[in-house]
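Participant: model the structure of this input:
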Amino acid sequence: MKESPMKKLAKNLADGNLSNCYLFFGEEKYLINLYENKMKDFIASQGEASMNTDVFWEKESVSNILAALETMPFFSEYRLVIVKNSGLFAAGRKEDSQTMAAGLKDLPESSIILFIEDNVDKRNALYKTLAQVGQAIDFERPAESDLAAWIVREMKSQGIALEKQGALYLIRAIGGSMENISQEMTKLAAYCSDKKAAAEADIDKICTKGLELRVFGLIDALAAKNAAKALKIFENLMDAKESPIMVLSLIARQFRLILGCSQMKGKSQSEIAAALSVPPFAIRECMKQAANFTESTLIQAIKDCLEADVGIKTGRIGDKLALETLIVKYGT
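Facilitator: Okay, here's the model as predicted:
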């Protein structure tokens, strides 16, 4: 099996066998920051880091960047040049991108350049050049199983035992980025420091719930025919500046999961979880919700979510009104 770019980078850092140029981009900023710091640590291990690390920010001239790359390292084997959000990998700096692409083909062996970008167009000439002569790494969110394993390891490093099932529950409860999860793990570890172990009940008590779990609570309110509570949850989500379209998407997803559970009655939680590609604990909760909806109601709810989405995107109805109408319909 082909080695992933991130694993290859980790191996190269461990071996001290680095390329001369890198591009870090993608949604998981936690991993980008982690590997940026690992690159800095590598330079520090070779000699004086402060004298051999340059950082350039948005719209820095290409000539300045190339000049830094041509500068010999000071009592060290390598010089690291970090360029953040340059705009060179997107439209708008075509000439500069071409100049930089030419420069990457003739870098001194002692120089390493690391681009960290929010916007990357893989059709860009500089991207294509860098991918040929160096490594372009898209830091995507890890698979849930890998994320859970990371959580178990991180909690253990803080002296707290957490089972894999608890890690999966934490992922669902927190949602969002690894940075968010990392912050919540720190809180959880402090809360559980006396007993040296954490469980789902501890996560419920101390961690700030993510959007997905709050939408789950909204569905619970609908199942209980408590429109007032569901509307209050929705109001709190809007106050927290959550996207109405994202909330609608999660409501539709939850209705589909409940329908899937309803249609697979008689199968085990693990079988249903595998079929629907969600963790078993989520299936357990969906099965409870399924008892409060008929299959025909769930099918209609999914259709209504789709119609609401189309209505919002075509401008026929406001996003908040569309969701409030949906909540009232299924909560009364």
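Participant: for Trp79, what are phi and psi?
Facilitator: Wrong residue type there; residue 79 is Arg, not Trp. phi -120, psi 130 (degrees, to the nearest 10).
Participant: what is the burial count for it?
Facilitator: Counted by other C-beta atoms under 10 Å, the residues lying close to Arg79 total 24. All C-beta atoms are positioned from the backbone trio N, CA, C, and that covers glycine.
Participant: for Ser270, same thing?
Facilitator: 11.
Participant: which element is it on?
Facilitator: Assessed by DSSP states H and E, Ser270 sits inside helix 269-276.
Participant: what does Ile302 give?
Facilitator: Using DSSP H and E, Ile302 sits within helix 295-313.
Participant: pull the CA atoms of the helix or strand just after that helix into CSV?
Facilitator: Sequence order places helix 319-331 as the next helix or strand after helix 295-313, per DSSP H and E. Output of helix 319-331 as CSV, limited to C-alpha atoms (Å, rounded to 0.1, in the frame of the first residue of the first chain):
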residue,chain,number,x,y,z
ASP,A,319,-33.0,30.2,5.9
LYS,A,320,-34.2,30.7,9.5
LEU,A,321,-37.8,30.7,8.5
ALA,A,322,-37.4,27.5,6.6
LEU,A,323,-35.9,25.8,9.6
GLU,A,324,-38.5,27.2,12.0
THR,A,325,-41.3,26.0,9.8
LEU,A,326,-39.7,22.5,9.6
ILE,A,327,-39.3,22.4,13.4
VAL,A,328,-42.9,23.5,14.1
LYS,A,329,-44.2,20.9,11.7
TYR,A,330,-42.4,18.0,13.3
GLY,A,331,-42.4,19.2,16.8
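Participant: give the buried residues for helix 319-331.
Facilitator: By neighbour count on 16 or more other C-beta atoms under 10 Å, the buried set for helix 319-331 is Asp319, Ala322, Leu323, Glu324, Leu326, Ile327, Tyr330, Gly331.
Participant: for stretch 195-215, same thing?
Facilitator: 198-200, 202-203, 207, 209-215.
Participant: swap in stretch 267-285?
Facilitator: Under 16+ other C-beta under 10 Å, the buried positions of stretch 267-285 are Gln269, Ile272, Ala273, Leu276, Val278, Pro279, Phe281, Ala282, Ile283, Glu285.
Participant: what is the mean pLDDT for that stretch?
Facilitator: Average pLDDT, stretch 267-285: 78.
Participant: list of residues touching that stretch?
Facilitator: With C-beta atoms under 8 Å, 6 or more residues apart in numbering as the test, stretch 267-285 has contacts from Glu144, Gln165, Leu168, Tyr169, Arg172, Glu200, Phe216, Leu257, Gly260, Cys261, Met264, Met287.
Participant: again, but for stretch 110-123
Facilitator: Outside stretch 110-123, the residues that touch it by C-beta under 8 Å, 6+ apart are 18-25, 32, 36, 39, 43, 65, 69-73, 77-91, 104, 107, 127-128, 130, 136.
Participant: filter those to the buried ones?
Facilitator: Neighbour-count burial (16+ other C-beta under 10 Å) applied to the contacts of stretch 110-123 gives 18, 20-25, 32, 36, 39, 43, 65, 69, 73, 78-90, 104, 107, 127, 130, 136.
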